[in-house]
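Student: make a model of this:
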Amino acid sequence: MSHRIVITGMGMVTPVGHDVESVWKALLSGQSGSALTTAFDASTFPTKFSAEVKNYNLRDHISSCQDHCEALKGTSFVLGAAAQACRQAGIDTETDSPCDNIDRARLGVYLGAGEGSVDNDTFFESIEKSWDNENGQMDWPKWTAYSNENMRAYRELEQEPSMPSAHLAIFAGARGVVRSCLTACAASTQAIGEAAMLIRRGDADIMLAGGCHSMIHPLGVTGFNLLTALSRRNDSPETASRPFTATRDGFVLGEGGAVLVLESLESAKRRNAAILAEITGFGSSCDAFRVTDMHEDARGGTAAIIAALKDAGITNQDVDYINAHGTSTKENDSIETKAIKNAFGENAYKTPVSSVKSTLGHLIGAAGASELITCIKAIETGIIPPTANYNDPDPELDLDYVPNEPRKQAVVVAVNESFGFGGQNDVVIVQKYQE
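Tutor: This next block holds a predicted model:
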């Protein structure tokens, strides 16, 4: 038996807000989450700014933090997002004896979760104190002795990308399928798509699906700067993320967490849960080309879009809105535009496309889930969020990118696209729920 998959809850923690409604308001107003980096001293880096989550406290979202006191930032963000989503869906996370009539053995978790930051101060200090300057090499026995004395076991454990899912399972009492994937920028879209497939084939009743990430730390920023992937518009961080424009020069690194409650239609009806939308299609592919480059013919992105449309049983003519990956890099925006044209043909010019990374920044592992929530809000409100900072169109990119201002338009079917390093492409299709 194939089960329909509906969404009954959603939550998010981002650089522009710590809940869905505040984030949605920021997206419609074009409020930027980007500013000079405060997480560490980035004054000597080529990119000195990022989109940080500000003034966040997990205790504002959950009543007991004792099981999560060692959690790193990304895990903390996704726990706050999950608390919002569970409350909306009517899933009890506050008592030892859940009163929500949910079989915890049929409740699962699937996150696209990024690796946590190393304990930077201790890590770098261990290298400094163990360097043998006279011989120009590391004194590894000295490093081992220092590290054993100063590094903390839980801090090392929490770096593992599986830990956010583990924390979320503890928080929700989820004893069903618990999984994690780390396919770069496509991770949380892949997690949502594969969680939906688990429900479709009957392996779970409910899945908490989404993602989290924070790479705003010295090693993360160094890596992206070396790849020349980040914008260096240090004189104007607020306008640095400008997808599909002629002057785009890289993405703005962000952080955050987002969770959606996916549920079989039968389970949602049995619990009398309010249904927000329905997931009808999922497509996944790999470019199998280069680690950081998309194939110039957009073969991977095209294949994922076409597969998602086929899975949903619709054509490109049925799509009302495309939430683009839209990173603000030269390569992504041009090749993603090509993928949309390949998959949509002439309808590409009739279908609105926007990128909310222009406001949020790039949340990496949390990007896809955050953007799927954007699609659901577009369906709910009949408003398409704009691509902010779209002031200098690229003449070679000629689709309707919904420049600068939100657009009132009925949205029944929305496509959410995520493309990640390694050539991973994942697309989820969400529709207005109808009996």
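Student: C-alpha only now, for contacts and for neighbours.
Tutor: Will do.
Student: what's the single longest helix in this protein?
Tutor: Assignment by DSSP state H gives helix 73-89 as the longest helix of the chain.
Student: which SSE is immediately downstream of that one?
Tutor: Per DSSP states H and E, the first helix or strand lying C-terminal to helix 73-89 is strand 107-113.
Student: moving C-terminal of that following strand, what's the next helix or strand?
Tutor: Assigned by DSSP H and E, the successor of strand 107-113 is helix 120-130.
Student: so which elements touch that following helix?
Tutor: Judged by 3 or more Cα pairs under 8 Å, 6 or more residues apart in numbering; DSSP states H and E, helix 120-130 is in contact with helix 140-150.
Student: and the helix it packs on with helix 120-130, angle?
Tutor: 150 degrees (axes from the mean of the first three to the mean of the last three Cα atoms, to 10 degrees).
Student: chain center to the next helix or strand after helix 140-150, what's the gap?
Tutor: Next helix or strand after helix 140-150 toward the C-terminus (DSSP H and E): helix 153-157. Remark: helix 153-157 is offset 24 Å from the chain centroid, using Cα atoms, centre = their mean, to the nearest Å.
Student: now find how far off-centre the helix or strand that helix 153-157 is followed by is within its chain.
Tutor: Next along the chain after helix 153-157, taking DSSP H and E as the criterion, comes helix 163-172. Distance, stretch centre to chain centre, for helix 163-172: 17 Å (Cα atoms, centre = their mean).
Student: check which residues of helix 163-172 are buried.
Tutor: Buried positions in helix 163-172, judged by neighbour count with 16 or more other Cα atoms under 10 Å: 163, 164, 165, 166, 167, 168, 169, 171, 172.
Student: what helices or strands is that helix leaning on?
Tutor: On a contact count with 3+ Cα pairs under 8 Å, 6+ apart, helix 163-172 meets helix 73-89, strand 107-113, strand 178-181.
Student: by mean pLDDT, flag the weakest helix or strand of this structure.
Tutor: helix 153-157 (a mean of 82; mean pLDDT, DSSP states H and E).
Student: restricting to C-alpha, output that helix in PDB.
Tutor: Extracted as PDB, the C-alpha positions of helix 153-157 are listed here (Å, rounded to 0.1, in the frame of the first residue of the first chain):
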ATOM      1  CA  ALA A 153      35.100  13.900  25.300                       C
ATOM      2  CA  TYR A 154      31.600  15.200  24.800                       C
ATOM      3  CA  ARG A 155      32.800  18.100  22.700                       C
ATOM      4  CA  GLU A 156      34.600  15.600  20.400                       C
ATOM      5  CA  LEU A 157      31.600  13.400  20.200                       C
END
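Student: by contact count, what packs against that helix?
Tutor: Helix 153-157 packs on no helix or strand, going by 3+ Cα pairs under 8 Å, 6+ apart.
Student: list the buried residues in that helix.
Tutor: Under 16+ other Cα under 10 Å, the buried positions of helix 153-157 are residue 155.
Student: contact partners of that helix?
Tutor: Residues outside helix 153-157 that contact it (Cα atoms under 8 Å, 6 or more residues apart in numbering): 70, 72, 118, 119, 163.
Student: residue 48 and residue 253: what is the separation?
Tutor: 11 Å (Cα to Cα, to the nearest Å).
Student: er, residue 104 I mean
Tutor: 36 Å.
Student: more neighbours: which of these two?
Tutor: Counting neighbours by other Cα atoms under 10 Å for residue 104 and for residue 253 shows that residue 253 has the greater number, 28 against 17.
Student: contacting residues around the more buried one?
Tutor: Applying Cα under 8 Å, 6+ apart, the residues contacting residue 253 are 50, 51, 215, 216, 221, 230, 361, 362, 363, 364.
Student: any idea what it is bridged to?
Tutor: residue 362 (DSSP bridges).
Student: pull up the gap between it and residue 332, please.
Tutor: With distances taken as Cα to Cα, residue 253 is found 15 Å from residue 332.
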